[in-house]
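Novice: Give me a 3D structure for the following:
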Amino acid sequence: MLYKFPILTTITWGLFLVMLVIKLSESKVISFDDKDVRLDKRSSGTYGKFSFQVSLTSQSSDVFTRSYKTLALSNGFIDYSKLQNASKIWTVVSTGKSSKGNYELFSISDKRPGWFRILLEMISYIINNYTLIICIPLVITFIICSKEYSNDYKYVSMQHQTIISKTYIFNALFIALIALY
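Specialist: Predicted coordinates:
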C-alpha cells in the first residue's frame, strides 16, 4: 500500500538530490596563480551582517562569486586569510555563467579540493541559494499530511506505523541539514 507522507518526503529528498547531481555535473575545478586574480570579501546585501560574499576576478575579467552565511556550517569551509596568502587558489565553479553574467563559485580553497569537500560545499551552495525551491515539497508535505503529526492519528497497520516513524526521521534530517548549512 502507498502512503502519501513517505511519498512526499521522498519527493522532497529526490528534488534535493537531483539538484545536487545537476550542479555537480555542471562544475569544474580550476586553479589560478595568486598574481592572476583579485580576491574580494564584502558584506552581502542579502542577509546584512549575517553573511558575506567572496568574489574572485580573473585577468580575463571573469567574475566568480559566492555568498556565505556567517553563522552557518558553510562558513567553516572558507579560510579567507589562507586564501589571501596562497600562491595558488583552487576553485570549483560552474561551467556556464549565471543570469547576472558571473560564474557560480561553489568552492574556493588554497589547495585542490577533494571530492568529499566538493560534495559538502555543493550541499552548502544548494541550501544557501535554493532554500525556497528545496523547501516547497517539505512545506507541501506538512500541509497535506498534517494528520500524521497529531497524537490521535490512527495507523493502518504496524508496518504503516514503522514507515511513518522512519519518514519523521528523514524529515528531521532534512530540516537539520538546512538549519546547519
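Novice: In this structure, what residue spans correspond to strands?
Specialist: 27-33, 37-44, 48-58, 63-69, 88-97, 103-109 (DSSP state E).
Novice: So which of those is the most surrounded?
Specialist: Highest mean neighbour count among these (mean count of other CB atoms under 10 Å): strand 103-109, with a mean of 23. Yep, even glycine has a C-beta here, placed from its N, CA and C like the rest.
Novice: List the strands paired with that strand, with their directions.
Specialist: Within its sheet, strand 103-109 is paired with strand 63-69 (parallel), strand 88-97 (antiparallel), according to DSSP bridges.
Novice: Relative to Leu8, which of those is closest?
Specialist: strand 63-69 (27.4 Å; CB to CB).
Novice: Between strand 37-44 and the closest one, find me the angle.
Specialist: With axes from the mean of the first three to the mean of the last three CA atoms, to 10 degrees applied, the angle from strand 63-69 to strand 37-44 works out at 40 degrees.
Novice: what is the orientation angle of strand 63-69 with strand 27-33?
Specialist: 110 degrees.
Novice: Run the chain-centre distance for strand 63-69.
Specialist: Taking the mean of its C-alpha atoms, strand 63-69 sits 12 Å from the chain's own mean (CA atoms, centre = their mean, to the nearest Å).
Novice: which residues does Gln59 contact?
Specialist: 36-37 (CB atoms under 8 Å, 6 or more residues apart in numbering).
Novice: and of the strands paired with strand 103-109, who's closest to Ile136?
Specialist: strand 63-69 (20.3 Å).
Novice: what mean pLDDT does the closest one have?
Specialist: Mean pLDDT, strand 63-69: 81.
Novice: ok, now which ones touch Tyr103?
Specialist: 62-65, 93-94, 96-97.
Novice: Now do the helices in the protein.
Specialist: For the chain, the helices defined by DSSP state H cover 4-25, 80-85, 115-129, 131-144, 158-180.
Novice: what comes up buried for the third one?
Specialist: Neighbour-count burial for helix 115-129, with 16 or more other CB atoms under 10 Å as criterion, is recorded at 118, 120-129.
Novice: Dump those residues to a markdown table, plus pLDDT and distance to Ile169.
Specialist: As requested, these are exported to a markdown table (pLDDT from 0 to 100; distance: CB to CB, whole Å):
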| residue | pLDDT | distance to Ile169 |
| --- | --- | --- |
| Ile118 | 93 | 27 |
| Leu120 | 90 | 21 |
| Glu121 | 90 | 25 |
| Met122 | 92 | 23 |
| Ile123 | 91 | 19 |
| Ser124 | 88 | 22 |
| Tyr125 | 89 | 25 |
| Ile126 | 92 | 21 |
| Ile127 | 88 | 19 |
| Asn128 | 83 | 24 |
| Asn129 | 85 | 26 |
